[in-house]
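Trainee: quick one, structure for this:
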Amino acid sequence: NDKVTSVVFPTSVTEIADNTFWMCSNLKSVDIKGAEVLGMTAFGYCEKLVDLKVSKKLKSILSYCFTDCTSSCTITFYGTEDEWNSVEILDNENFFQSARVVFESGFVEEVIGDINMDGTLNIADVVLLEKWLLNNPDAELGNWEAGDLCEDGVLNVLDLCAMKRELLNSAR
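Mentor: Now for the predicted structure:
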């Protein structure tokens with residue numbers, strides 16, 4: 001498909017399967033921060049790929065993943081250099097020889113409902129939102145957007161109900 005130029009995946013996508021973007025010749029930018037595996041020839045013949053974003057969740061890049069990707073790509077790795085060096089790279093093409101890797105170790109993955117930014121949705125987030133909705137002066141939200149479960153740009157009691165439901169569902 002020569003119409004695809006940019007792709008952003010939610011962090012829930014953990015694998016890019018074999019041949020997913022095969023011959024997407026105009027693909028320039030890919031953001032796959034949740035991916036653990038990049039499949040064989042997943043980006044084969046993506047000749048214009050110049051921007052790739054992956055996180056420390058990445059465990060392996062399979063053979064020929066970037067076959068015939070001829071542009072010089074900047075890979076933003078949301079982790080440390082040691083974490084990058086632990087990624088199993090089976091790709092035997094020249095892609096990584098011309099790529100530039102940039103490390104962003106301060107990246108914190110957004111977790112839905114995690115308004116206190118402790119990395120997980122838990123009862124502390126529910127209590128914090130309740131306090132915030134009651135105008136408690138001590139209630140300071142770290143990331144109010146994560147609490148907007150209704151995705152309407154407003155944080156209210158509907159989001160609180162959705163947060164409680166999400167928490168109950170995750171406990172099952």
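
Trainee: rest of the way, CA atoms for contacts and neighbours
Mentor: OK.

Trainee: which stretches in the protein count as strands?
Mentor: Shown for the chain, the strands assigned by DSSP state E span residues 6-8, 15-16, 29-32, 37-38, 51-55, 60-61, 74-78, 88-89, 100-103.

Trainee: quick one: which of those is nearest G44?
Mentor: Of all those, it is strand 37-38 that lies closest to G44, at 11.3 Å by CA to CA.

Trainee: okay, and the helix or strand of the protein with the least pLDDT?
Mentor: In the chain, no helix or strand scores lower on mean pLDDT, DSSP states H and E than helix 95-98, which sits at a mean of 90.

Trainee: that older thread, format the strands of the chain as TSV; extra columns: mean neighbour count, mean pLDDT and distance to L160.
Mentor: Output for the strands of the chain, formatted as TSV (neighbours: other CA atoms under 10 Å; pLDDT from 0 to 100; distance: least, CA to CA, whole Å):
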stretch	mean neighbour count	mean pLDDT	distance to L160
strand 6-8	12	94	28
strand 15-16	18	96	32
strand 29-32	20	95	29
strand 37-38	23	97	35
strand 51-55	21	94	30
strand 60-61	20	96	38
strand 74-78	20	95	31
strand 88-89	15	94	41
strand 100-103	16	95	36
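
Trainee: which one of those strands lies closest to C150?
Mentor: Among the strands of the chain, strand 6-8 sits nearest to C150 (CA to CA), with 21.0 Å.

Trainee: how distant is that closest one from the center of its chain?
Mentor: Mean-position distance between strand 6-8 and its chain equals 11 Å (CA atoms, centre = their mean, to the nearest Å).

Trainee: what strands line up against that strand, and which way round?
Mentor: Strand pairing for strand 6-8, determined by DSSP bridges: strand 29-32 (parallel).

Trainee: can you list the residues that contact the strand it pairs with?
Mentor: Residues outside strand 29-32 that contact it (CA atoms under 8 Å, 6 or more residues apart in numbering) are 5-11, 13, 49-55.

Trainee: which of the residues you listed lies closest to D152?
Mentor: Among the contacts of strand 29-32, and counting by CA to CA, the member closest to D152 is P10, at 18.4 Å.
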